[in-house]
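A.B. asks: Sequence and predicted structure are below.
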Amino acid sequence: MITQQTVKGTCHCKAVEFEVDLINGHENIRRCNCSMCSRRGAIMAGVTVDRLRVTRGEDKLSLYQWNTKIARHYFCSICGIYTHHQRRSVPTEYGYNLACIERIDLASIGEIGASNGAAQSLVSP
C-alpha cells in the first residue's frame, strides 16, 4: 500500500523552511563519502526535484559548488545548516538532510546505506 505525506524541514534558525512530498516514507537514506559529505556528516534521503520545495527563506540560502559545478549544495546563510543539495550523479534528484525534518527520530532509522561520491567526484564530465 502506498502512503503519501508531506513533511516539513527547517534549518537551525528556522530562516529556511522546506517541504518534502514522501511516497512510502523517506527514500534512499544514505551517507556519502565524498569530501563534502564526509565532512558535514549528514544523513540524507532523496527525492525527485519536483517533490522538494523551499517554502520560506530561499533568499537566505547560500549555494556552494566545486569541481564540475553540477552538484548544488544549499546552506542557510545565517546558521550554516546544510538543508539539501541537487545531486551530481542524478541532477533530477535532491538529497535532503534528514536531521532538518521536524519530529524525525534519527535513531530509529536503522542501517544507513552508503554512496560512493568520492569515486564519482574523480570523474570529469
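C.D. replies: Perfect, thanks for sending it.
A.B. asks: Not counting its neighbours along the chain, what's nearest the residue most central in space within the chain?
C.D. replies: The geometric centre of the chain, computed from its C-alpha atoms, lies nearest to residue 96 (Cα atoms, centre = their mean), at 1.7 Å. Leaving aside its sequence neighbours, residue 96 sits nearest to residue 84 (Cβ to Cβ, 6 or more residues apart in numbering; 4.2 Å). For every residue, glycine as well, the C-beta is placed using N, CA and C.
A.B. asks: dump the residue contacts of the one you found.
C.D. replies: By Cβ atoms under 8 Å, 6 or more residues apart in numbering, residue 84 lies in contact with 18, 52, 74, 94, 95, 96, 97.
A.B. asks: try residue 75
C.D. replies: Neighbours of residue 75 in contact, by Cβ under 8 Å, 6+ apart: 61, 62, 64, 81, 82, 83.
A.B. asks: Now that we have the residues you listed, which of them are buried?
C.D. replies: 61, 81, 82, 83 (16 or more other Cβ atoms under 10 Å).
A.B. asks: Now do the contacts for the third one.
C.D. replies: Under the criterion of Cβ under 8 Å, 6+ apart, the contact list for residue 82 reads 40, 42, 73, 74, 75, 97.
A.B. asks: try 10 Å this time
C.D. replies: 11, 36-37, 40-42, 44, 64, 73-76, 95-97, 99-100 (Cβ atoms under 10 Å, 6 or more residues apart in numbering).
A.B. asks: right, and residue 74 touches residue 80 too?
C.D. replies: No - using Cβ atoms under 10 Å, residue 74 is not in contact with residue 80, being 11.5 Å away.
A.B. asks: So for these two, which residue has more residues nearby?
C.D. replies: In this view residue 74 and residue 80 are compared by other Cβ atoms under 10 Å, and residue 74 has more residues nearby, 24 against 11.
A.B. asks: Provide the backbone phi and psi angles at the more buried one.
C.D. replies: Backbone torsions for residue 74, taken as degrees, to the nearest 10, come to phi -110, psi 140.
A.B. asks: and if you look at residue 83?
C.D. replies: phi -100, psi -50.
A.B. asks: Thank you, goodbye.
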